[in-house]
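S.K.: Attaching a predicted model along with its sequence, questions to come.
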Amino acid sequence: MLWVAIIGLVATGVALALAGRRVAFLYRLATSGQPAPERITYAKENAGTEIKTQLVEVFGQKKLLKWTPSGTAHFFVMWAFFILATVYLEAYGALIQGMITGTPDFHIPLIGTWPVLGFLQDFIAVAALIGLIAFAVIRLKNSPKKLGRDSRFSGSHLGGAWLVLFMIFNVIWTMFLFRGAAVNTGNFPYQSGAFASELTAKILPTSELLEEIGLLLHIGVMLVFL
């Protein structure tokens, strides 16, 4: 398990350094314009309204949701980013725990063995996967190659959009590979609730090596995405 931890932590350090450079570039770009103190003043004077708007428009997806197929898909994919952050916390915990004790049986303190958390993680991942399929069908059905200027995606950078969908898909399948393998090795923190991970475990062999590979793939996909 030591080699897994070394690879994972070194890769994380390299990815964070590269991401840090990009953040610094974006910060310089954002601050290269003229100051706009009136916007800061407005935000301070209307802090309550601004916070409410963020909660409703961003977290509630008010403008996008409307329970249309694309809006619903977007809602679940966006929330997957927040909820599945707990899975990455578990992944890094397993990485460090495995380095220290040799056994990656980490769980988040206090809530890390609650069946409801395991269920929520699996549910949002499955919902996001269905959302990705919906996005793919919508994009293929409305492709500019088929509809020309009548396509809703006419003039869009479709390559980047497909890349993002592909990377999110990789996040999800590597998550289930890692979690399913952990179920079989006895290192999974949830006794029940994580229905999709348990189903995945049924088609996987019991293998600590497979669990380690799944862990590195899951972390690696996120670092490449970053």
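M.R.: Nice, thanks for sending it over. Numbers count the residues shown, from 1 in each chain.

S.K.: What pLDDT is listed against the residue positioned nearest the centre of the chain?
M.R.: The centroid of the chain falls nearest to Phe81 when counting by CA atoms, centre = their mean (3.9 Å). Phe81 is assigned a pLDDT of 90 by the prediction.

S.K.: Pop out the phi and psi values for it.
M.R.: Torsion angles at Phe81 (phi, psi; degrees, to the nearest 10) stand at phi -60, psi -40.

S.K.: ok, for Leu2, nearest residue in space, not its chain neighbours?
M.R.: Leaving aside its sequence neighbours, Leu2 sits nearest to Met99 (CB to CB, 6 or more residues apart in numbering; 5.9 Å). Just so you know, the C-beta spots here come from the backbone N, C-alpha and C atoms, and that holds for glycine as well.

S.K.: The lowest-mean-pLDDT helix or strand in the chain: what's the following helix or strand?
M.R.: Lowest on mean pLDDT, DSSP states H and E among the helices and strands of the chain sits helix 144-147, with a mean of 67. Tracing the chain C-terminally past helix 144-147 and defining elements by DSSP states H and E, one meets helix 158-185 next.

S.K.: Identify the residues contacting stretch 94-104?
M.R.: 1-2, 4-6, 8-9, 105-106, 182, 187, 211-212, 215, 219 (CB atoms under 8 Å, 6 or more residues apart in numbering).

S.K.: give me that answer again for 6 Å
M.R.: 1-2, 5, 8, 106, 187 (CB atoms under 6 Å, 6 or more residues apart in numbering).

S.K.: Name the member of these with the most neighbours.
M.R.: Gly8 (24 neighbours; other CB atoms under 10 Å).

S.K.: how many neighbours does Ser192 have?
M.R.: For Ser192, using other CB under 10 Å, the count is 10.

S.K.: For it, give its distance to Trp114.
M.R.: Distance, Ser192 to Trp114, using CB to CB, to the nearest Å: 10 Å.

S.K.: Next: Ile168.
M.R.: Distance from Ile168 to Trp114, by CB to CB: 25 Å.

S.K.: With Ser197 instead?
M.R.: Distance from Ser197 to Trp114, by CB to CB: 14 Å.

S.K.: buried ones in stretch 15-28?
M.R.: Neighbour-count burial for stretch 15-28 flags Ala15 (criterion: 16 or more other CB atoms under 10 Å).

S.K.: remind me which residues of this protein are low pLDDT?
M.R.: 62-67, 144-155 (pLDDT under 70).

S.K.: Not including adjacent chain positions, what is the nearest residue to Leu204?
M.R.: Nearest to Leu204 is Gly180, by CB to CB, 6+ apart, at 4.9 Å.
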